[in-house]
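Asker: what shape does this take:
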Amino acid sequence: MNPASAQAIPAPVTDTHALDVNRLRADFPILAREVHGSPLVYLDSAATSQKPQIVIDTISNFYRHTNANVHRGVYALSAQATDLYEGVRNKVVRFIGNEATEEIIFTRNATEAINLVAQSWGEANLKAGDEILLSEMEHHSNLVPWFLLAKRTGAVIRYLPIRPDGTLAMEQWEERFTVRTKLVAITHTSNVVGTINPIADIVSLAHRAGALVLVDAAQGAPHCPIDVQALDVDFLALSAHKMLGPTGVGVLYGRRELLEKMEPVMGGGDMIRSVKYTGATWNDLPWKFEAGTPNIADVIGFGAAIDYLMGLGMDNVRKHEIELTGYALSRFAELDGLEVYGPTDPLKRAGVISFNDSEIHPHDLATILDRRGIAIRAGHHCAQPLLERLGQTATARASFYVYNNHSEVDALIEGIQAARKFMGRS
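Answerer: Reported below is the predicted structural model:
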């Protein structure tokens, strides 16, 4: 069998009815290790997910058997590498409910995808006084590119409010749109309070006002079924490393009629149709936005991650997350003096729980938990304005994914109780 084709389509890892978490945990080699003499309890998937063996093997197999540059060679290795690389666009298309591979642009991450839109579409279409609407729960990656664009163009940034429970105050949204509103940039799912936003409703409001919508799906795509056609979004960004894939790979989806009019923001090889001493013309979509040698092996590894998730079934991934998050929220409720942020209904949130103990700083808590092999995040989570909105400078955050189970939630609760004793609390 051709080693290139053998690595292309991993077999589904479970059935399509439910997640057998104990079974699939064996697919993740890092979960077998110990940290400080205790079994690893990895609760930081919102920062980056762990990788199943099939993703690791796919990347290794590419370098062992198929390593060559793409698009440029007529020899067998290059043709095989190109087929594997371009085949991942088809997988992304299916994963996000799209139909056209030319609307799928590979980037380094969701951050670069958002910056691409800001620098290309934004530079060409926004002028002084035009408005960009953002929510109060955005990650820095969906704030700072627009700050830079506003500084360059004179555009105005306005904020769409959130309620105390971390959900969007949708009743106040319609009044925020004006004739100057050109773009809404909104997160699908908050990486701090876990809120899953009503994207279809937001898109409907924006389009009625004549504005475009960019969705930051870095936290949403790993956990929920995404259908860009049903949502009618104009742009969508995601990152491979948060959805079982490798770092260094992201995706920008954009409607073809928008991408066709946008200028590339990076120049070099592969993004050109022709080059003369007097100038250049651009390649077709999507390659006009992909200058230079791409991250070939990791894109192919991302394809294996998509296969793995689709084998699980994204509806099953979401059901598991709802159940586990509901269990975690119930366990958190047993602890007095613990403030949990975001919606209390697990149906309205992702498996991201930010919290604070009234007497233990988040960094102290994270350090103590680490001694028990429990990995959580502490800090502002690249969302400093939201933390300020919550009246905090930092929170502790536990985030779950397909490989987490009840016993790990129990270990976290026991770890918090142990930290309280260590810090002299009853």
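Asker: which element is the nearest residue to I353 once chain neighbours are set aside on?
Answerer: What sits nearest to I353 in space, not counting adjacent residues and going by C-beta to C-beta, 6 or more residues apart in numbering, is A398, at 5.2 Å. In short, each C-beta sits where N, CA and C put it, glycine included. When elements are assigned from DSSP states H and E, A398 belongs to strand 395-399.
Asker: need the contact list for the spatially most central residue of the chain.
Answerer: Here the mean C-alpha position of the chain is nearest to the C-alpha of A218 (C-alpha atoms, centre = their mean), at a distance of 1.6 Å. A218 is in contact with N109, A110, H139, S141, T187, N191, A237, L238, S239, K242, counting by C-beta atoms under 8 Å, 6 or more residues apart in numbering.
Asker: widest-spaced pair of those residues?
Answerer: Distance extremes for those: the farthest pair is N109 and T187 at 14.8 Å, using C-beta to C-beta.
Asker: quick one: low-confidence parts of the stretch 151-300 of the chain?
Answerer: For the stretch 151-300 of the chain, no stretch has pLDDT under 70.
Asker: now the strands for it?
Answerer: 156-160, 181-187, 212-216, 235-239, 250-254, 272-276, 279-282 (DSSP state E, counting those that start in this stretch).
Asker: which among the ones you listed is found nearest to I416?
Answerer: strand 181-187 (27.5 Å).
Asker: quick check: angle from the closest one to strand 212-216?
Answerer: Calculated by axes from the mean of the first three to the mean of the last three C-alpha atoms, to 10 degrees, strand 181-187 forms an angle of 20 degrees with strand 212-216.
Asker: using PDB, write down the CA coordinates of strand 181-187.
Answerer: Extracted as PDB, the C-alpha positions of strand 181-187 are listed here (Å, rounded to 0.1, in the frame of the first residue of the first chain):
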ATOM      1  CA  THR A 181     -21.700  49.900  10.800                       C
ATOM      2  CA  LYS A 182     -19.600  47.900   8.400                       C
ATOM      3  CA  LEU A 183     -18.500  44.800  10.400                       C
ATOM      4  CA  VAL A 184     -19.400  42.700  13.400                       C
ATOM      5  CA  ALA A 185     -16.500  40.600  14.700                       C
ATOM      6  CA  ILE A 186     -17.800  38.200  17.300                       C
ATOM      7  CA  THR A 187     -16.500  35.100  19.100                       C
END
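Asker: that strand to strand 156-160, inter-axis angle?
Answerer: Using the same axes, to 10 degrees: strand 181-187 against strand 156-160 is 50 degrees.
Asker: run through the neighbouring helices and strands of the strand holding A398.
Answerer: In terms of contacts (3 or more C-beta pairs under 8 Å, 6 or more residues apart in numbering; DSSP states H and E), strand 395-399 is packed against strand 352-357, helix 362-370, strand 377-379.
Asker: most tightly packed of the ones you listed?
Answerer: strand 352-357 (a mean of 24; mean count of other C-beta atoms under 10 Å).
Asker: per-residue confidence for the residue nearest to I353?
Answerer: Note for A398: predicted pLDDT of 98.
Asker: wait, isn't it in contact with I376?
Answerer: Yes: if you go by C-beta atoms under 8 Å, A398 and I376 touch, sitting 5.0 Å apart.
Asker: compare those two and say which is more crowded by neighbours.
Answerer: Neighbour count, other C-beta atoms under 10 Å: between A398 and I376, A398 has more, with 27 against 24.
Asker: would you mind telling me which of N109 and T187 has more residues around it?
Answerer: T187 (25 against 21).
Asker: tell me how far the more buried one lies from L168.
Answerer: 10 Å (C-beta to C-beta, to the nearest Å).
Asker: do T293 as well
Answerer: 41 Å.
Asker: what about S330, neighbour count?
Answerer: With other C-beta under 10 Å as criterion, S330 counts 11.
Asker: now name the helix or strand holding it.
Answerer: Per DSSP H and E: S330 is located in helix 314-332.
Asker: got a list of contacts for that helix?
Answerer: 14, 16-19, 21, 194, 222-226, 309, 338, 340, 344, 346-347, 349-351, 353, 355, 398, 400-402, 404-406, 409-410, 412-413.
Asker: with stretch 61-75 instead?
Answerer: Stretch 61-75 has contacts (C-beta under 8 Å, 6+ apart) with 3-4, 6-7, 77-82, 84-86, 270, 287, 293-294, 296-297, 300-301.
Asker: which of those residues fall within helices?
Answerer: Among the contacts of stretch 61-75, the members falling in helices (DSSP state H) are 3-4, 6, 77-82, 84-86, 296-297, 300-301.
Asker: now the buried members of these.
Answerer: Buried residues within those, counting neighbours by 16 or more other C-beta atoms under 10 Å: A4, S78, Q80, A81, T82, L84, Y85, E86, I296, A297, I300, G301.
Asker: residues contacting the second one?
Answerer: For S78, the residues meeting the contact criterion (C-beta under 8 Å, 6+ apart) are A68, N69, V70, R72.
Asker: if you set the cut-off to 10 Å instead, what comes out?
Answerer: With contacts defined as C-beta atoms under 10 Å, 6 or more residues apart in numbering, the neighbours of S78 are T66, N67, A68, N69, V70, H71, R72.
Asker: now those residues as JSON lines including secondary structure?
Answerer: Shown next, in JSON lines, are those (DSSP: H, G, I helix; E, B strand; the rest coil):
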{"residue": "T66", "secondary structure": "helix"}
{"residue": "N67", "secondary structure": "coil"}
{"residue": "A68", "secondary structure": "coil"}
{"residue": "N69", "secondary structure": "coil"}
{"residue": "V70", "secondary structure": "coil"}
{"residue": "H71", "secondary structure": "coil"}
{"residue": "R72", "secondary structure": "coil"}
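Asker: name the member of these with the most neighbours.
Answerer: Comparing these by number of neighbours (other C-beta under 10 Å), T66 comes first, having 26 neighbours.
Asker: how much space between that residue and A297?
Answerer: For T66, the distance to A297 - C-beta to C-beta - is 9 Å.
Asker: of all pairs in the ones in helices among the contacts of stretch 61-75, which one is the farthest apart?
Answerer: With C-beta to C-beta as the measure, no two of those lie farther apart than A79 and G301, at 19.5 Å.
Asker: contact partners for P29?
Answerer: P29 neighbours (C-beta under 10 Å, 6+ apart): Q50, K51, P52, Q53, I56.
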